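Undergrad: Sequence first, predicted coordinates after that:
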Amino acid sequence: MAKKIPLRQCVGCGEMKSKKDLMRVLRETDGNFTLDATGKKNGRGAYVCKNFECLKAARKNKGLERSFKEVIPEEVYSNLEKEFESLDTE
């Protein structure tokens, strides 16, 4: 029997992809937002493709706001963009 691959939907482009192809944006219990590269941290998560265009799309279409059911401050997006840039350089 084949192992089932967990699929998640990107909040930017709306495509269904396997969890390992996506980056998890995490709202921790204290309300902070971070990127969760492992996908195993505690908190509410939303998934974005590992490319910058999907993060921009998620910002434009308010995908993260819908996932977390709250307004996301601008500095959170800029922090996520910085974290994404640091991932791209590695």
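TA: Thanks, I have the structure now.

Undergrad: Tell me which other helices or strands the helix or strand harbouring residue 56 touches.
TA: Assessed by DSSP states H and E, residue 56 sits inside helix 52-60. With contacts taken as 3 or more C-beta pairs under 8 Å, 6 or more residues apart in numbering; DSSP states H and E, helix 52-60 sits against strand 44-49, helix 74-89. Just so you know, the C-beta spots here come from the backbone N, C-alpha and C atoms, and that holds for glycine as well.

Undergrad: In this protein, where is pLDDT below threshold?
TA: Within the chain, the stretches with pLDDT under 70 are 87-90.

Undergrad: so who does residue 26 touch?
TA: 33, 34, 35, 36, 41, 43, 44, 45 (C-beta atoms under 8 Å, 6 or more residues apart in numbering).

Undergrad: Residue 7 too?
TA: Contacts of residue 7 by C-beta under 8 Å, 6+ apart are 16, 17, 18, 19.

Undergrad: partners of the second one in the sheet?
TA: Going back to what we said before, that points to residue 17. Residue 17 forms beta bridges with residue 8, as assigned by DSSP bridges.

Undergrad: who are the neighbours in contact with it?
TA: With contact taken as C-beta under 8 Å, 6+ apart, residue 17 is in contact with 7, 8, 9, 10, 47, 49.

Undergrad: Give me the buried entries from those residues.
TA: Taking 16 or more other C-beta atoms under 10 Å as the criterion, what is buried in those is 8, 10, 47, 49.

Undergrad: beta partners for the residue lying closest to the second one once chain neighbours are set aside?
TA: Closest residue to residue 10 apart from its sequence neighbours, by C-beta to C-beta, 6 or more residues apart in numbering: residue 49 at 4.7 Å. Listed by DSSP bridges, the beta-bridge partners for residue 49 are residue 22.

Undergrad: Surely residue 49 touches residue 24?
TA: No - with contact defined as C-beta atoms under 8 Å, residue 49 and residue 24 do not form a contacting pair (11.4 Å).

Undergrad: Cheers, nothing more for now.
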